[in-house]
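S.K.: can you look at this prediction? I've put the sequence above it.
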Number of protein chains: 2
Amino acid sequence: MKTGRPRSFCVENALDSAMDVFWRKGYQGASLSDLTEAMGINAPSLYACFESKEGLFRAVLDRYEDIGKGFLQEVLNAPTSRASAELFLKGIAARATDPDNHPPGCLLLQSGLAGEDQRIPNELARHRAEKELALRERFACAKLTGDLPQSADPAALARYLVTVANGICVQASAGAQAQDLEMVATLALAAWPAGDTAKRGKTAKRKAAVAG
Amino acid sequence: MKTGRPRSFCVENALDSAMDVFWRKGYQGASLSDLTEAMGINAPSLYACFESKEGLFRAVLDRYEDIGKGFLQEVLNAPTSRASAELFLKGIAARATDPDNHPPGCLLLQSGLAGEDQRIPNELARHRAEKELALRERFACAKLTGDLPQSADPAALARYLVTVANGICVQASAGAQAQDLEMVATLALAAWPAGDTAKRGKTAKRKAAVAG
DNA sequence: GTACTTATGTAGCAAGCGGTACAAAAAAAT
DNA sequence: ATTTTTTTGTACCGCTTGCTACATAAGTAC
């Protein structure tokens, strides 16, 4: 077993508290005293556990991704690309305005699009790009099954979705209502290309009809 | 004539320099030394002219809106709502990636979605909401002329456009290419509702055909 | 010229920042 | 019981922050 004095706080709870602070104030706006106060620990404990403010932030980001992993999987596993797109946008709209647990918006945007140095904005952009990549691959597969027409551009569709999603998060952080953002999502989905019925098998057809 | 020692710098040039700093580093990330260095003046001159860092920022914001006024007017004056929407989204995509004059993205987002206090984010949100309102009124008018169908929701359409526009700016600040964002704009416009041809007069019809 | 007004450069303020030295405390190992 | 290892709380570090006091410079007014 590990020797030494045991840690007196729960790391995950502390990360959740820190996440809330970064979310509301941004990376730069979150001061060490803000963080330690919210986490209920003193600075040396924070530094022993997370190395630095940036280290803490990266740990928070990891936890954030862990929490959102299930949602992304659900989106990718939807029966049709259209259903994926709908789950994605409406899920983002709902989550970005969920009054429980989190402030409005998305941590990956609230933390900062700009900064005195670009390392944090870049890191955040990388995280966002990962999701775009996952969607792109999902839609590339959809093309093979005829769920998307041959004319469809998976990269463009993925980029379109994350763009709208980011916009939705911006609106949410400015106080937009959940129902208004769901309406935005619905409108955005009107642009979704129809499937290639000629190439589509019976199973895919039925799935598409259900997901409608 | 005004008495006293004359100001040794051009206010507008100074504001442009300050705008660049706020744009690249955000409101909080822009330090007084960053600003004074970029503006080529000393702190006392800055404070004599702009009162405070926040005062300077508001002056920068005013100038930013002044510069963008022409673009918004052009958008609102387009012959059809569809043309307005297209001008708006493609204009934003082009401007957000314009390598001249400005860093990528949009000052109203780069400056900060979050902060130690909410005053700046709120001010920025107010500016963005103003544009949404202008578009809403434009689309409400379009409904009266039959350029938009009776089923159209001007508020929802305006909100949709600014949401996509904000998303485009986020992508631009993360390094997205101009052509990729123009493609996003094109996709987003596929969601635009068709005009109510039954109610539309000959003039409106011709205008719509031209704007295509 | 002298008085008046305003802007400028130097130099520095208090406060808050991210981060740490250090000794006491709390556990396992011997 | 003593040693060893790690965490904790206190107290503080050097530095940067936004901002300003003050004397001087550079104009107009008379």
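M.R.: Now that the structure is in, tell me what you want to look at.
S.K.: around A:E116, how many other residues sit close by?
M.R.: Neighbour count of A:E116, defined by other CB atoms under 10 Å in any protein chain shown: 16. C-beta coordinates here come from the backbone N, C-alpha and C atoms, glycine included.
S.K.: residues from chain A in reach of DNA strand C?
M.R.: For chain A, the residues in contact with DNA strand C (CB under 7 Å from any atom of the strand) are A:1-6, A:30-34, A:42-44, A:47, A:52-54.
S.K.: now do A:R119 against A:Y27, distance only.
M.R.: The gap separating A:R119 from A:Y27 is 10 Å, by CB to CB, to the nearest Å.
S.K.: these two - which one has more neighbours?
M.R.: For A:R119 and A:Y27, the more surrounded residue by other CB under 10 Å is A:Y27, and the numbers stand at 25 against 11.
S.K.: got the buried residues for stretch A:128-139?
M.R.: A:128-129, A:131-132, A:134-136, A:138-139 (16 or more other CB atoms under 10 Å in any protein chain shown).
S.K.: ok, and does it reach over to chain B?
M.R.: Yes. Stretch A:128-139 is in contact with chain B by CB under 8 Å from any CB of the partner chain, via A:128-129.
S.K.: just to revisit the earlier point, which ones among the residues of chain A next to DNA strand C come in contact with chain B?
M.R.: Among the residues of chain A next to DNA strand C, chain B is touched by A:30-31, A:34 when using CB under 8 Å from any CB.
S.K.: contacting residues for A:G68?
M.R.: A:G68 sits next to no residue when contact means CB atoms under 8 Å, 6 or more residues apart in numbering or on different chains.
S.K.: give me phi/psi at it?
M.R.: Dihedral pair for A:G68: phi -80, psi -10, per degrees, to the nearest 10.
S.K.: what does A:T3 give?
M.R.: Torsion angles, degrees, to the nearest 10, at A:T3: phi -90, psi 170.
S.K.: show me where chain A has its helices.
M.R.: Along chain A, the segments classed as helices by DSSP state H run A:11-29, A:32-39, A:43-50, A:53-76, A:81-96, A:107-110, A:119-145, A:154-173, A:178-189, A:202-211.
S.K.: got those as TSV, with mean pLDDT columns?
M.R.: Putting the helices of chain A into TSV (pLDDT from 0 to 100) gives the following:
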stretch	mean pLDDT
helix A:11-29	98
helix A:32-39	98
helix A:43-50	98
helix A:53-76	98
helix A:81-96	98
helix A:107-110	98
helix A:119-145	98
helix A:154-173	98
helix A:178-189	98
helix A:202-211	44
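S.K.: and the ones you listed: which comes nearest DNA strand D?
M.R.: Across the helices of chain A, DNA strand D has its closest neighbour in helix A:43-50 (3.2 Å, CB to the nearest atom of the strand).
S.K.: give me the helices and strands touching that closest one, please.
M.R.: Other helices and strands packing on helix A:43-50, by 3 or more CB pairs under 8 Å, 6 or more residues apart in numbering or on different chains; DSSP states H and E, are helix A:32-39, helix A:53-76.
S.K.: ramachandran angles for A:E116?
M.R.: In terms of degrees, to the nearest 10, the main-chain angles of A:E116 are phi -60, psi -40.
S.K.: check A:N101 too.
M.R.: phi 70, psi -50.
S.K.: now A:G112
M.R.: When quoted as degrees, to the nearest 10, the phi and psi of A:G112 stand at phi 140, psi 120.
S.K.: and it, what does it touch?
M.R.: Residues in contact with A:G112, defined by CB under 8 Å, 6+ apart, are A:26-28, A:120-121, A:124, B:26, B:29, B:112, B:114.
S.K.: the ones next to chain B among the residues of chain A next to DNA strand C also near DNA strand D: which ones?
M.R.: Near DNA strand D, by the rule CB under 7 Å from any atom of the strand, you find none of those.
S.K.: closest one of these to B:P104?
M.R.: A:A30 (24.8 Å; CB to CB).
S.K.: the closest one: what's it in contact with?
M.R.: A:18, A:21-22, A:53, B:116.
S.K.: how close does the residue sitting nearest the centre point of chain A sit to chain B?
M.R.: Geometric centre of chain A, nearest residue: A:G68, 6.3 Å, by CA atoms, centre = their mean. According to CB to the nearest CB, to the nearest Å, A:G68 and chain B sit 17 Å apart.
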